[in-house]
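Peer 1: Turn this into a model:
(one chain, ligands or ions: 1)
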Amino acid sequence: MNAAPPIRSVVIVGGGTAGWMAAAALARLVAADVGVTLVESDAIGTVGVGEATIPPIRTFNAMLGIDERDFLAATQGTIKLGIEFVDWNAPGHAYLHPFGELGFDIEGVRFHQIWHRLHAAGQAGPLDAYCMSAVAARLNRFLPSNNDPNSALSRLVYAYHFDAGLYARFLRSYAEARGVRRVEGRIVDTALRGTDGHVEAVVLEGGARVEGELFLDCSGFGGLLIEGALHAGYEDWTHWLPCDRAVAVPSANAGPLNPYTRATARPAGWQWRIPLQHRTGNGYVYSSAHLSDDEAAATLLANLDGEALADPRPLRFVTGRRKQAWVRNVVAIGLSSGFIEPLESTSIHLIQSGITRLLALFPDSGFGDVERDAYNALSRSQFERVRDFVIVHYHANARPEPFWRDLRAMALPDGLAERIALFRNRGRVFRHEDELFAEASWIAVLRGQGIEPAGWDPLVEALDLPRVGQMVERIGATFRRAAEAMPDHGAWLAQHAPARNLA
Ligand code: FAD
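Peer 2: Residues are numbered from 1 along each chain as shown. Below you'll find the predicted structure:
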């Protein structure tokens, strides 16, 4: 059997973060004689938020051959070593979800299990004193990691904060320089082929048609093609994650530049704080069933570090996923494929993983079912695992307000209660096959939210504990020394990646 001919034209609908990330990644197809066209409308604009990321973004940038310092300078970027959660478990309590591993396993026993045993006996400090990224974050320090396994710096794992508009602009220059064609215009119609219902063209105001074989729907929440034309359907997860609105406002920087996002729990949701070089991004994510828009805006404005630099901007969303992200010849990437509220900054990562998956399963002009089905199954599992991780933050809380009490009492998705019970018993966490968040992330959040395992792995007792205790102490001391030797985060940026866009 001969394979169908290769696809010769790809049309990307939308020029937000999703559209331009896809365009940058697909630009390499231009050299293989595939036309890549992106259609966007300046009049409609982008969602304009989405400024905190997680470490795999560095792999995406590396795949594109982007220089890190150039990228940080072009996007007002800063470093992110994790997220500080303030008042989540109960008012007055804070913890860090840092990136990267905890300590080192010893004789095959997980580090956190050994730590638990030692800590219970008063022989170890707080858990995040053994995570390189956490130690550096607490001191506001940064130095790029290296690959030398003998260096503590190899354990520093980081991502970025950046200005969403500048990021899209940066990727646009990258993609256009490599042959991606941009078409400006508002799409008013979608033409479907009579024979099989595939999208044949999008029609712009004025009547111009942009034709293609494969369409990427990066049109944002509305899902112009995937929902508007192909009616894929949406699975609503609001009953698990009830926040459905946000209000965002930038403020002037105040104090040192922290290399981490802060998420502060509020009576009906939570507030983000994302430090960039030229400003701080802030927003209150809340449940409209529990709080009015005016109250949300007032709470946000009353809780800024520095002066507000614009009027508060409202946003609405429904947490959930498109039932099928790939239908016929349309693949939805970005907000059009679904949205999990931004607590763990996963949306841009889901764009990245959608693009990576599409490249790995790139169809030919025959559009067989197997690639599509594999893509949809993988998308579903990725979204569900991220959803469960975010739910844990809400479910395990000791806050007094009705919003939080309701969340404590909610029925959990299948399998999540068992995962929590397994941890509660002897601190065990297993990463599902393709799951984004690793063991250390689950441990940080479960413990941070107040779930303390009753015991530890019995294998710990087989270790020579006094010797192991010394090893653990050395790990903590090594990480501390390494962090103390790093420059201040703001000073490092000022020297190596000062912003060049001050607009
Ligand atoms: P959009 O930015 O909405 O872009 C859609 C594009 O489609 C635009 O170019 C628009 O012009 C075009 N378009 C739409 N309709 C038409 C039409 N008819 N004709 C022509 N063009 C059209 N993600 C993170 O990873 N980290 C975060 O910290 C984070 N925080 C967030 C906070 C909030 C409150 C929200 C709502 C989202 C957050 N996100 C975050 C998600 C992040 O903003 C998005 O994943 C990201 O911006 C991608 O958006 P998009 O490109 O899919 O859609």
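Peer 1: how near is the nearest residue to residue 202 once chain neighbours are set aside to residue 329?
Peer 2: Using Cβ to Cβ, 6 or more residues apart in numbering and skipping residues adjacent in sequence, the residue nearest residue 202 is residue 187, 4.6 Å away. (Each C-beta comes from the backbone N, C-alpha and C, glycine too.) Per Cβ to Cβ, to the nearest Å, residue 187 is found 16 Å from residue 329.
Peer 1: so who does residue 365 touch?
Peer 2: Listed by Cβ atoms under 8 Å, 6 or more residues apart in numbering, the contact set of residue 365 reads 4-8, 213.
Peer 1: Kindly format the C-alpha coordinates of the strand or helix carrying residue 467 as PDB.
Peer 2: Assessed by DSSP states H and E, residue 467 sits inside helix 465-484. Provided in PDB are the C-alpha atoms of helix 465-484 (Å, rounded to 0.1, in the frame of the first residue of the first chain):
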ATOM      1  CA  LEU A 465      20.700   6.000  59.500                       C
ATOM      2  CA  PRO A 466      23.500   7.900  61.200                       C
ATOM      3  CA  ARG A 467      25.600   7.700  58.000                       C
ATOM      4  CA  VAL A 468      22.600   8.500  55.800                       C
ATOM      5  CA  GLY A 469      21.800  11.500  58.100                       C
ATOM      6  CA  GLN A 470      25.300  12.900  57.500                       C
ATOM      7  CA  MET A 471      24.800  12.500  53.700                       C
ATOM      8  CA  VAL A 472      21.500  14.300  53.900                       C
ATOM      9  CA  GLU A 473      23.100  17.100  55.900                       C
ATOM     10  CA  ARG A 474      25.900  17.400  53.300                       C
ATOM     11  CA  ILE A 475      23.300  17.600  50.500                       C
ATOM     12  CA  GLY A 476      21.600  20.500  52.200                       C
ATOM     13  CA  ALA A 477      24.900  22.300  53.000                       C
ATOM     14  CA  THR A 478      26.100  21.800  49.400                       C
ATOM     15  CA  PHE A 479      22.900  23.300  47.900                       C
ATOM     16  CA  ARG A 480      23.000  26.200  50.400                       C
ATOM     17  CA  ARG A 481      26.700  27.000  49.500                       C
ATOM     18  CA  ALA A 482      25.900  26.800  45.800                       C
ATOM     19  CA  ALA A 483      23.000  29.200  46.100                       C
ATOM     20  CA  GLU A 484      24.900  31.600  48.300                       C
END
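Peer 1: Can you tell me which helices and strands it packs against?
Peer 2: helix 111-120, helix 132-138 (3 or more Cβ pairs under 8 Å, 6 or more residues apart in numbering; DSSP states H and E).
Peer 1: what does the host helix or strand of residue 166 rub up against?
Peer 2: Following DSSP H and E, one finds residue 166 within helix 164-177. Helix 164-177 has contacts (Cβ under 8 Å, 6+ apart) with 15-17, 19-21, 23-24, 27, 36, 38, 46-51, 64, 66, 71, 74-76, 182, 501.
Peer 1: Could you pick out the buried ones from these?
Peer 2: Buried by 16 or more other Cβ atoms under 10 Å: 15-17, 19-21, 23-24, 27, 36, 38, 46-47, 49-51, 64, 66, 71, 74-76, 182, out of the contacts of helix 164-177.
Peer 1: Would you mind listing where this protein has pLDDT under the threshold?
Peer 2: 1, 501-503 (pLDDT under 70).
Peer 1: domain ranges for it?
Peer 2: Domain assignment of the chain by automatic domain parsing yields the ranges 9-77+163-236+319-385, 245-316.
Peer 1: Please name the nearest non-neighbouring residue to the residue sitting nearest the centre point of the chain.
Peer 2: Nearest residue to the geometric centre of the chain (Cα atoms, centre = their mean): residue 346, 2.0 Å. Nearest residue to residue 346 in three dimensions, chain neighbours excluded: residue 386, at 5.0 Å (Cβ to Cβ, 6+ apart).
Peer 1: now residue 288
Peer 2: Residue nearest to residue 288 in three dimensions, not counting chain neighbours: residue 245, with 5.0 Å by Cβ to Cβ, 6+ apart.
Peer 1: How about residue 416?
Peer 2: Nearest non-adjacent residue to residue 416 (Cβ to Cβ, 6+ apart): residue 388, at 4.8 Å.
Peer 1: Surely the one you found is in contact with residue 415?
Peer 2: Yes. Using Cβ atoms under 8 Å, residue 388 is in contact with residue 415, at 7.5 Å.
Peer 1: With neighbour numbers in mind, choose between the two.
Peer 2: Each of residue 388 and residue 415 has its neighbours counted (other Cβ atoms under 10 Å); residue 388 has more, 22 against 12.
Peer 1: For the strand or helix carrying the more buried one, name the packing helices and strands.
Peer 2: Remark: residue 388 resides in helix 369-395, with elements defined by DSSP H and E. Helix 369-395 is packed against strand 320-322, strand 326-327, helix 347-360, helix 402-409, helix 416-426, helix 439-448, with contacts defined by 3+ Cβ pairs under 8 Å, 6+ apart.
Peer 1: now, of the ones you listed, which is deepest in the fold?
Peer 2: For these, the largest average neighbour count (mean count of other Cβ atoms under 10 Å) is found in strand 326-327, namely a mean of 26.
Peer 1: And for residue 85, the neighbour number?
Peer 2: Around residue 85 sit 24 other residues, with neighbours defined as other Cβ under 10 Å.
Peer 1: ok but it is inside a strand, no?
Peer 2: Yes. Checked against DSSP: H, G, I helix; E, B strand; the rest coil, residue 85 lies within a strand.
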